[in-house]
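K.L.:
Return a 3D structure for these sequence lines:
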Amino acid sequence: MATIELYMIRHGLAGQRGDYANDDERPLTGEGIHRTRKVAKRLYDLNIRFELILTSPLARARQTAEILQSYKLSSQLEESKALAPGGEINIWLSWLQQWRQSGKTCLAIVGHEPDLGEWAETLVWGASHQNLIFKKAGVMGLLLPDAESPIGRSQMFWLSPPRLLVD
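P.N.:
Just a heads-up that it's a prediction; the model follows:
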């Protein structure tokens, strides 16, 4: 198995919590769509492409993933309940083990805080201390080793808030 390049992306700016009867349906705002498009364009300009975008099923994450896909960052898009708020990293790691059997090496996941920050800390340092925070539409890049488990063995190569990606 090969090293995996994992891009963790937080959904863009969404509507106010509490304004929607079902928080799962809370969409991106107009500003959230605009800024996420700028981030997607910048990733495209940097020649970053994913073999798959895996997204939380919540509306704001799904919209973010669809924007990334519309900028031709990947032709493949799938949903995963493991990426919904409170999702279990171990469920995702089981999925990842199956996915990496295909020989693919570049993956983007679109999710939520605090989960993305906690997962990143767990992958890099072996445990979460809740110190790493993703800004909305922020991006982190990790290299996941070809060892059995990436927990505590991954390497961060990129962390950027959206303001550093947009003009």
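
K.L.:
in the chain, which spans are helices?
P.N.:
30-45, 59-70, 89-100, 115-125 (DSSP state H).

K.L.:
Could you tell me the angle between the second one and helix 30-45?
P.N.:
Think helix 59-70. Here the directions of helix 59-70 and helix 30-45 differ by 30 degrees (axes from the mean of the first three to the mean of the last three Cα atoms, to 10 degrees).

K.L.:
which residues sit against helix 59-70?
P.N.:
Residues outside helix 59-70 that contact it (Cβ atoms under 8 Å, 6 or more residues apart in numbering) are 9-12, 14-15, 24-28, 32-33, 36-37, 40, 43, 50, 53, 55-56, 74-75, 77, 79, 83, 108, 110-112, 137. C-beta: built from backbone N, CA, C; applies to glycine.

K.L.:
Just the buried ones from those, in ChimeraX syntax?
P.N.:
One line in ChimeraX is enough to select the buried ones among the contacts of helix 59-70; burial here means 16 or more other Cβ atoms under 10 Å:
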select :9,10,11,12,14,15,26,27,28,32,33,36,37,40,43,50,53,55,56,74,77,79,83,108,110,111,112,137
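
K.L.:
which residue lies farthest from the center of this structure?
P.N.:
Most distant residue from the mean C-alpha position of the chain: residue 21, 25.4 Å away (Cα atoms, centre = their mean).

K.L.:
Tell me where the model's unsure across the chain.
P.N.:
For the chain, the stretches with pLDDT under 70 are 1, 147, 167.

K.L.:
separation between the residue nearest to residue 20 when sequence neighbours are not counted and residue 61?
P.N.:
Counting by Cβ to Cβ, 6 or more residues apart in numbering, residue 20 lies nearest to residue 26, which is 4.7 Å off, once chain neighbours are set aside. Residue 26 sits 10 Å away from residue 61, going by Cβ to Cβ, to the nearest Å.
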